[in-house]
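Asker: When you get a sec, could you give me coordinates for this:
(chains A, B and C)
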Amino acid sequence: MKAEMPPRRALQFLHWFCAEDFVEEIEGDITELYNQRVVRMRAWKARGHFWLDVWRHFRPWAFKKRKTTTQNIRFDMLKNYMGVAWRHIQKKKLYAGINAFGLSIALAFSVLVALFISDELNFDKVHSKANRLFLLYETRYDYRQAEEEASLLGSRNSKFATQNAFLPAILGPTLKEEFPEVKKFTRITDAGGLAEVDGVVLVQEQVFGVDADFFSMFDVEVIEGNPAEWLKHPSDLILTQSTVEKYFPGGGAMGKTMRLQLGNESHEFIVKGIVADAPSNQSLEYEMIMTVERYPWFGQNKDSWTNFSFPNFVLLDEQADSYAFREKLTAFCEERFAKNIEWMRGEQQVGEEVAVMELDAMPLSDIHLNKGLWFYRVSEPKNIYILGALCVFILLIANINYISLALTSASGRRFEVGVRKVMGAERQQLVVQFGVEALMMAFISMVLALGLATYFLPYFNEFTEKSLVLDGPTLAQMFAWALAFSVLVGLMAGIYPALVLSGFAPLRMLRQKAPRLNLVWLKPLVVLQFAISGLLIVSSLVMYRQMQLVLQADLGFNDDQVLVVPLHSGWSEEGNRLVEQCKVALSGDARIAYVSGTSISFSKGWSQYGYKVNEVEKHAFVYRVDPDYLNLLDIQLLQGRSFDASRPSEVRSIIVNEALVKDMGWEDPLSERLDWQNDSVGYEVIGVTKDYHFQSLTKETKPMFLTISNEAGYMTTLLVKIKGNEIPQALEAVETAWKKLAPDKPFNYSFLDDDVASQYASYERWSRMMGIATVFAIVIACLGIFGLSGINALNRTKEIGIRKVLGANSWRLIYLLNKEYVLLATLAFVLAMPLSWWLMRDWLADFTYSISLGWELFVGALLVAVLVSTISVSYHAIRAVRSNPVEALKNE
Amino acid sequence: MKGTYLGEFEELVLLTVAVLYDEAYGVAVKEEIEKQTERSVSIGAVHAAMVRLEEKGFLESRFGEATAERGGKRKKLYTVTTAGQKALKEALDVRQRLWNKIPDMVFNLKLG
Amino acid sequence: MIKLRNIDKYIDSRFQRHFILKGIDLDIAQGEFVTIMGPSGAGKSTLMNIIGLLEDPSAGEFFFLDEPVHKMKERQRSEIHKSHMGFVFQAYHLIDELTVYENIEAPLLYRGVKSGERKSMVAEILDKFQIVAKKDLFPEQLSGGQQQLVGIARAIIGQPKLLLADEPTGNLHSEQAEQIMDLFKKLNEEGMTIVQVTHSEKNATYGNRIVRIVDGAIA
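Answerer: Numbers count the residues shown, from 1 in each chain, chains lettered A, B, ... in the order given. Predicted coordinates for the structure are as follows:
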């Protein structure tokens, strides 16, 4: 009988799925069985059995590309790598500690910065209609100002533009009427109001005035009430949850009445709804919401095209082309604001061909980082760059630590690399091994970093004026960032050492001589590390010195022990009366030096009047004060006299500052009059003060005058100068008097020096932030240099031993070990100087009064760096030098 | 010991490879088991067990001669490793210990 | 197995060419136990390195299993290390951070041996060398002789065709040395080709051929 061939297709199938290792054995065995069967049974049956046999091998174990086994081996390999890495860490606890410390600080900082940046970039994005919500704003061009600036700075900037979102109240309704794509609008006002529940006056609150559509334009989380009904009635009041907790701690706020004193008016409100507190990352921060109609200045201005004090938001139709809409606003602006524009052109003496005012709309999400815009809660995009740069710097320093420590301590691993190579390890596998090691270090640091980040979050919030909370999503984000940064750091730090270490030739191991590493990149990296530290040291020194200058500057007045008490009387005679009454009440008190009042206290705002002198527009800041003002603040008079309350003509006199005298070009100011009311009579100048900083030091002292005339406003603030040390008692006396005189008004106060300092709060915060980052950077870098010099000293033990035996003295040896680092530090500084000089000049440009960037600053910073590095290096140097040379030589 | 556990069928295959000494390849093992147990065994199951045993280090393999009835394919011949011997010995010991532990009366009672 | 033809190794300095090895012809057959001997600096370590593919000759031809080594790339060399060669060093060169077990297992990882097989191979060799009890210890916890046993176990676990030993007993006292040399002899009897470098005439007696190097040439 002729031997039957087994079914070809079955064999093809077998060859298709079966792995190379098994196919011959299996094919052989089942063919043998087939040939046995063919003899015993019918061919078709034997063929069936053959198929069945093939099918019974169609099992995972026989499949091709058995990934699972290679994966297993990779896993075992990884375990091997990690075991080695872990035992290395345990063996070299100091170096591992340095690395983990540096990396974890760097990671923690990066995570926080990442949270900050993502919060900034997601600002206002909580609103689901954010892409359809636009804020209207105007851009005004001031050509005279531009000329002035140009002549001052020598720049060719021909346009001086200001952006402002405070516009007429009539704008919103008009746009909705005239543009079909405008679906909804809301105006937003923000007024301070005194809240009163059951006849008890409580504290001042921010009261938002909006249009009823506000709730359907912005995403506001409703807790109680029906937003569709809200603000239909002028007495409707919507409270946030925390306001509710404050005023109605027992609950049941809905339907309760609440009296609010707004400006000079007082109204009864009924609580109609409760909403969740405003999320911290949006522009609008509300505590109480009422209709815009209740805004005290709404009634008289609601139809005015010349009163610019109402932000207007519009909601565009889903299909609307926002660019087309914004285009149309140009023509609209020309038409509606024709009078303003004409007037402005006349003022600036420019022709019709130039734009002096433009109207535009800005998407909600663009508002926050638009620092130039006059609006709530706009922030400085520069901060993102500063923080980002700090974060990159610290990460770099920590990475360089890892790299330099890994490489300098690497000679100990040359045997391992050699042995692994003769075992057949490929270079790529060794690269992976050292990469895994770096990643492991990074992950260990990550755990520490998460703890650090959580711990430092409140401080970070304080520095950056954020209110990041570690809730679910933020926590998840934090983990994600931490993981991402760890991988990044692991790779950045790991790759160079991995490439160098894996490059060891096994031969060197066999010869038992220390391989001479060709670490081309190590020194530049250390220089970079020093340079970054230097940059940070210089920057924080400059910032610190500048803050000292600002905070200790002679302001031209004395802000010590001056109590500032808001009168809560609106813009009315009542304020003046209260100041007078307080003055009388406190006159007998020996602890009180002076009592006075002002229309606007320092850092609380400003008021500027414009007037024409010989057809030239001039401006001056105006303060309504009382006769004791100059004495209270110890402002120096250069000429003339202070106000004398006993003279009736005094209400038509002013005291000016030097800047105004200069601005007016007066020779003999006391003989002049200033016609600031444009009534052609003017006010008599009775005194000239030395220039004092009534505004922040970031600004130049501008023309200013003081008056006791009600024409310039009413008292809003009481000022009390306390003498002696009994401040608490004096404070109590003022409060007692206040309670008697104004029982219906809260007594909240501040100290003038704090108010003045608060103008620089953000500069100070950032300079402290910089200071802390610098300290971190220096500590990390120092630890790195400490470790590096330690290993170097160890590697040079023999050399030191020989030198000692030859009679070198200890100082000489310490000098020898330090020399290299001092040189590197100096080189780094030379490189870092120009950059830090340039950066700091830019930062200082914000201040009109600034320190000069003298050479001594840079030399000081260099000395700091050299000193710190010398200290870190010398520890090892002294130890190495002290060791017994005989021991050292035996070592080899 | 995890990973070196010996299943019942695996033990059977391992023993059979030992029994066949120098002639243990797929078909031979299958036939020997069928002969001894009077059960039909699929060649697929035998191959699977031998691959597993080799992975566990109990079996070693080499290629033998090619024959015509195998379509010119070589046999894969298996031998038991020292580890395999140990595993068999252990399995036997466990059984032995258990047998020894059975109280005499158990089987007596059943018989009675 | 190994065929060296007219192998030179030299270093060029500024004024002259300094020869370490000159005109070496050497054949080593499968199953031999060759001892390379010679005074210090004669070039025996260099010869060993060349045979071990750790160093390239400056000139000449080198065939390993009839393959021309002098034409190989890094990867192929690493392949030969992986599957055909085992190394034993005077200073043992165990990886300090790995246990005895892991040290022996490491070459198998690079060879991609599956987990189960690896376990039984390591178990077998631990058994054979009677160091099962030491398997979880680290090298520093072992005596020199024990470390060298582990070193040899690691070298032969991949069942290499060639075992290269550079002064394998150089750091051991005589009793341990004898034990190690006995082991080499046994391995050789089992079919392993061995090349050793040694100063010790006594160790040389374990082998079956002695190659003497003097001043870079075979004497």
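Asker: any idea what sits nearest residue C:132, other than its immediate chain neighbours?
Answerer: Take residue C:132 and drop its neighbours on the chain: the residue closest to it by C-beta to C-beta, 6 or more residues apart in numbering or on different chains is residue C:126, 4.6 Å away. C-beta: built from backbone N, CA, C; applies to glycine.
Asker: elements contacting whichever strand or helix holds the one you found?
Answerer: Element membership for residue C:126 (DSSP states H and E) is helix C:115-128. Here helix C:115-128 touches helix A:67-91, helix B:43-55, helix B:82-101, helix C:100-111, helix C:144-156, going by 3 or more C-beta pairs under 8 Å, 6 or more residues apart in numbering or on different chains; DSSP states H and E.
Asker: Residue A:546 - nearest residue in space that isn't next to it in sequence?
Answerer: Nearest one to residue A:546, counting by C-beta to C-beta, 6+ apart, is residue A:851 at 5.4 Å.
Asker: list the contacts for residue 82?
Answerer: By default, I'm working from chain A. A:436, A:440 (C-beta atoms under 8 Å, 6 or more residues apart in numbering or on different chains).
Asker: try again with chain B
Answerer: Residue B:82 touches C:124, C:127, counting by C-beta under 8 Å, 6+ apart.
Asker: Would you check how far apart it and residue B:21 are?
Answerer: Taking C-beta to C-beta, to the nearest Å as the measure, residue B:82 falls 15 Å from residue B:21.
Asker: and what of residue A:426?
Answerer: Going from residue A:426 to residue B:21 by C-beta to C-beta gives 40 Å.
Asker: Compare these two (neighbour count), which wins?
Answerer: More crowded of residue A:426 and residue B:21, by other C-beta atoms under 10 Å in any protein chain shown: residue A:426, with 18 against 10.
Asker: Report the secondary structure state of the nearest residue to that one once chain neighbours are set aside.
Answerer: Once flanking residues are discounted, residue A:426 sits nearest to residue C:78: 5.2 Å by C-beta to C-beta, 6+ apart. Assigned with DSSP: H, G, I helix; E, B strand; the rest coil, residue C:78 falls in the helix class.
Asker: Tell me the pLDDT of residue C:78.
Answerer: pLDDT, residue C:78: 79.
Asker: Which residues are in contact with the closest residue to chain A within chain C?
Answerer: Nearest to chain A in chain C, going by C-beta to the nearest C-beta, is residue C:82, at a distance of 2.6 Å. Applying C-beta under 8 Å, 6+ apart to residue C:82 gives the contacts A:423, A:424, C:107, C:110, C:111, C:158.
Asker: Count the residues that sit near the residue lying closest to the fourth one once chain neighbours are set aside.
Answerer: When you say that, I think you mean residue C:110. Leaving out its chain neighbours, the residue that sits closest to residue C:110 by C-beta to C-beta, 6+ apart is residue A:424, at 4.6 Å. Look at residue A:424: counted by other C-beta under 10 Å, it has 24 neighbours.
Asker: same thing with the one 4 residues further on?
Answerer: Residue crowding around residue A:428 was assessed by other C-beta under 10 Å; the count is 11.
Asker: Show me which residues of the helix or strand it falls within are buried.
Answerer: Assigned by DSSP H and E, residue A:428 falls within helix A:427-464. Within helix A:427-464, the residues that count as buried by 16 or more other C-beta atoms under 10 Å in any protein chain shown are A:427, A:429-446, A:448-450, A:452-453, A:456-457, A:460-461, A:463-464.
Asker: mean confidence score for that helix?
Answerer: For helix A:427-464, mean pLDDT is 87.
Asker: Repeat that for stretch A:485-496.
Answerer: Stretch A:485-496 comes out at a mean pLDDT of 84.
Asker: go on, stretch A:347-363?
Answerer: Stretch A:347-363 carries an average pLDDT of 81.
Asker: what's the answer for stretch A:499-517, then?
Answerer: Averaging pLDDT along stretch A:499-517 gives 63.
Asker: and what of stretch A:555-566?
Answerer: For stretch A:555-566, the mean per-residue pLDDT is 87.
Asker: which parts of it are buried?
Answerer: A:555, A:556, A:557, A:558, A:559, A:561, A:562, A:563, A:564, A:565, A:566.
Asker: can you name the two of those that are farthest apart?
Answerer: Spatially, the most separated pair among the buried residues of stretch A:555-566 is A:556 and A:566, at 23.9 Å (C-beta to C-beta).
Asker: re the thing from before, show me what the helix holding residue A:428 is packed against.
Answerer: Right, helix A:427-464 is packed against helix A:67-91, helix A:93-121, helix A:381-408, helix A:414-422, helix A:472-502, helix A:761-795 by 3+ C-beta pairs under 8 Å, 6+ apart.
Asker: just how off-centre is that helix within its chain?
Answerer: Mean-position distance between helix A:427-464 and its chain equals 22 Å (C-alpha atoms, centre = their mean, to the nearest Å).
Asker: For chain C, what's its nearest residue on the stretch 101-250 of chain A.
Answerer: Here the stretch 101-250 of chain A gets closest to chain C at one residue, residue A:103, 21.2 Å apart by C-beta to the nearest C-beta.
Asker: err, chain A, not the other one
Answerer: Here the residue of chain A nearest chain C is residue A:424; by C-beta to the nearest C-beta that distance is 2.6 Å.
Asker: shouldn't that residue be in contact with residue C:112?
Answerer: No: contact criterion C-beta atoms under 8 Å: residue A:424 and residue C:112 do not qualify, at 9.9 Å.
Asker: Can you classify the residue of chain C closest to chain A by secondary structure?
Answerer: Secondary structure assignment for residue C:82 (three-state DSSP): helix.
Asker: Check the one 10 residues further on too.
Answerer: Three-state assignment for residue C:92 (three-state DSSP): coil.
Asker: That one contacts residue C:150, correct?
Answerer: Yes: using C-beta under 8 Å, residue C:92 is in contact with residue C:150, at 7.4 Å.
Asker: Show me whatever sits in contact with both of these two.
Answerer: Residues touching both residue C:92 and residue C:150 (C-beta under 8 Å, 6+ apart): residue C:139.
Asker: Close to chain C: what parts of chain B are there?
Answerer: Selection of chain B residues close to chain C by C-beta under 8 Å from any C-beta of the partner chain yields B:3, B:4, B:54, B:55, B:56, B:57, B:58, B:81, B:82, B:83.
Asker: and which of the residues you listed is nearest to chain A?
Answerer: residue B:55 (8.5 Å).
Asker: Check the offset of the longest helix anywhere in chain C from the chain's centre.
Answerer: Counting by DSSP state H, the longest helix found in chain C is helix C:174-189. Relative to its parent chain, helix C:174-189 has a centroid offset of 14 Å by C-alpha atoms, centre = their mean.
Asker: got the contact list for the helix or strand just after it?
Answerer: Later in the chain than helix C:174-189, the nearest helix or strand by DSSP H and E is strand C:193-197. Contacts with strand C:193-197, where a contact means C-beta under 8 Å, 6+ apart, come from C:1-2, C:28-37, C:44-45, C:47-48, C:51, C:161-168, C:184, C:187-188, C:203, C:207.
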